[in-house]
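**Q** okay, predicted coordinates and the sequence, questions at the end:
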Amino acid sequence: MPARTPLLARSAAQNELAASLAALREELELPGAFAPEVLAEADASVRAYRLPDHDSRDIPFVTIDPPGTTDLDQALHLEREGRGYRLRYAIADVSGFVLPGGEVDAEARRRGQTLYAIDGRVTMHPPAIGERAASLLPGVDRGAFVWDVSLDADGAVTRVDVSRQAVRSRAQLSYAEVQAAIDAGRLDDDDPLTLLSRVGPLRIEQEAARGGASLNTPQVEVVKGDDGYALVRRMSLPVEDWNAQISLLTGMAAASIMLEAKVGVLRTMPAAADDAIAKFRAQTVALGLPWAEGVQYGEYLRSLDRSDPQAMAVLEAAGGLFRGAGYAAMNGTAPDDPVQAALAAPYAHVTAPLRRLVDRWNLVVCEALAAGDDVPDWARSSLDELPKLMGVSGNLASRLSGSTIARVEAAVLSGRVGERFSAIVTRVRDGKAEVHLDEPAVEANCPAAPDWRAGSRVEVVLTSADVATGAIRLTPVA
């Protein structure tokens, strides 16, 4: 079960937090409502849309997302194919609703991606497209880019194709209910969800064989309830990891197609520098879980017990090696190093076009290349713009997420000034320490006591918590 802090009980703290979050939107200059001309064009595009000629509505696709999701980008179906598997992965046909150079296109470029704030999402597309006509909702006909992928018995890709098709999802499922059905053994051996529980681990093994690594650190989430907000530290369910592997598989297949033609936009990340690796290795020793020589980085991370606080501190430290991610546009020339280092393979974003700008371009590029057609002029001519647009929106998303969590943390702690908390030190530098409180799930800085080291179990006192800024002050217990 996830670790959960109490909901904010004091109405004063709730009101102060609501005001702080509203002020944050203004500080970050988040986009507001869509302009009338954008909404009008979106409505017109929905009326004009026609389903693709290729009809695959007989395939029983399903979507798997958090409960209540309305912008459904992906639907999947798995079946056996000889000793291996056949995956069909439908991705929302956003390009069919967005006129290149039109009002919706211009607004999507300005926004870059959907932003998630706890007091309401800031969507990239108008609801008529993003939450209705393009979303792969159950029981309705939709257009989609369908990735048709064959896998061998070990989960390795042997064939890839992609084309626009008419599809119909059969069910909108949540991660929790899929996991429960799999765990209870209620599904047939050939059920697509049962096959997901087999293909997912095979793809994780493929990742390990490549030398890739996934952090899979607990996510600190802000949950809004009837009585206020709560912080939840939650590990992903196995089905979430398996589903993520399907998305990663598709992104790697897309990168392979685009690299061969040297057209498209890759998601890249440089390998960690030797000094960063050496520093992390020293941190693992200090945290009591040394990374042994001769053990691959990904293998070491996969061996850690995610329920162990010491392991959580190691995973936090490991995040320092997953830096420098960016986008590389190709228009006749491939980058010198096209690899996404964490995956140990070239990779591209193609599976979330309702929520991320670059995916719309890459899907159109891959479809054209797979069919042997020319890449549309509008897509090819604007490829070089995408790295900057995605960089700006990514930075804004990071600032929004970090500032939101900080303000909720401060609100949760605001009535507990003067209390002692047990914590673990994750890093010490220049007399300052980063500490993780055991409960609530809060990370903060604190002046370091002389004997503090990474991995030290310590006690701290909360001296202040400013909801308006998210600033939290802790001091060591003498």
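**A** Received, thanks.
**Q** remind me what the biggest strand by length in the chain packs against, helices and strands.
**A** Looking across the chain with DSSP state E, the single longest strand is strand 157-174. Where contact means 3 or more Cβ pairs under 8 Å, 6 or more residues apart in numbering; DSSP states H and E, strand 157-174 is packed against strand 61-65, strand 84-92, strand 141-151, helix 238-261, helix 357-371. In short, each C-beta sits where N, CA and C put it, glycine included.
**Q** and those as CSV, adding distance to residue 273 and mean neighbour count?
**A** What follows is the helices and strands packed on strand 157-174, written out as CSV (distance: least, Cβ to Cβ, whole Å; neighbours: other Cβ atoms under 10 Å):
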stretch, distance to residue 273, mean neighbour count
strand 61-65, 37, 21
strand 84-92, 35, 23
strand 141-151, 34, 22
helix 238-261, 23, 21
helix 357-371, 27, 24
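**Q** so for residue 313, which of those sits nearest?
**A** helix 238-261 (21.3 Å; Cβ to Cβ).
**Q** name the next helix or strand downstream of that closest one, please.
**A** Moving toward the C-terminus from helix 238-261, the next helix or strand (DSSP states H and E) is strand 263-268.
**Q** that next one to helix 238-261, inter-axis angle?
**A** 130 degrees (axes from the mean of the first three to the mean of the last three Cα atoms, to 10 degrees).
**Q** partners of strand 263-268 in the sheet?
**A** strand 326-331 (antiparallel) (DSSP bridges).
**Q** what comes up buried for the strand it pairs with?
**A** By neighbour count on 16 or more other Cβ atoms under 10 Å, the buried set for strand 326-331 is 327, 328, 329, 330.
**Q** can you tell me how far the last one sits from residue 336?
**A** The spacing between residue 330 and residue 336, counted by Cβ to Cβ, to the nearest Å, is 12 Å.
**Q** how about the first one?
**A** If you measure residue 327 against residue 336 using Cβ to Cβ, the figure is 15 Å.
**Q** what of residue 386?
**A** For residue 386, the distance to residue 336 - Cβ to Cβ - is 19 Å.
**Q** neighbour count winner among the two?
**A** Higher neighbour count among residue 386 and residue 336: residue 386, with 23 against 6, using other Cβ atoms under 10 Å.
**Q** and that one, helix, strand or coil?
**A** Look at residue 386: counting by DSSP: H, G, I helix; E, B strand; the rest coil, its state is helix.
**Q** wait, it touches residue 362, no?
**A** No - assessed by Cβ atoms under 8 Å, residue 386 is found out of contact with residue 362, at 9.0 Å.
**Q** shared neighbours, the two?
**A** Contact criterion Cβ atoms under 8 Å, 6 or more residues apart in numbering; residues shared by residue 386 and residue 362: residue 265.
**Q** from the buried residues of strand 326-331, which is closest to residue 139?
**A** Nearest to residue 139 among these, with distances taken as Cβ to Cβ, is residue 327, at 35.9 Å.
**Q** how near is the closest residue to that closest one other than its chain neighbours to residue 90?
**A** Once flanking residues are discounted, residue 327 sits nearest to residue 387: 3.9 Å by Cβ to Cβ, 6 or more residues apart in numbering. Note on residue 387: its distance to residue 90, by Cβ to Cβ, is 27 Å.
**Q** for residue 393, same thing?
**A** 25 Å.
**Q** would you map the helices across the stretch 301-450 of the chain?
**A** 309-318, 357-371, 377-381, 386-413 (DSSP state H, counting those that start in this stretch).
**Q** mean pLDDT lowest where, among those?
**A** Note on those: lowest mean pLDDT is at helix 309-318, with a mean of 78.
**Q** show me how this protein divides into domains.
**A** Under the assignment automatic domain parsing, the domains of the chain span 3-269+333-408, 271-323, 416-478.
**Q** any weak-confidence spans in the stretch 201-350 of the chain?
**A** 217-218, 220, 225-230, 233, 309 (pLDDT under 70).
**Q** hmm, try it at 80
**A** 214-235, 286, 306-310, 312-313, 316, 319-320 (pLDDT under 80).
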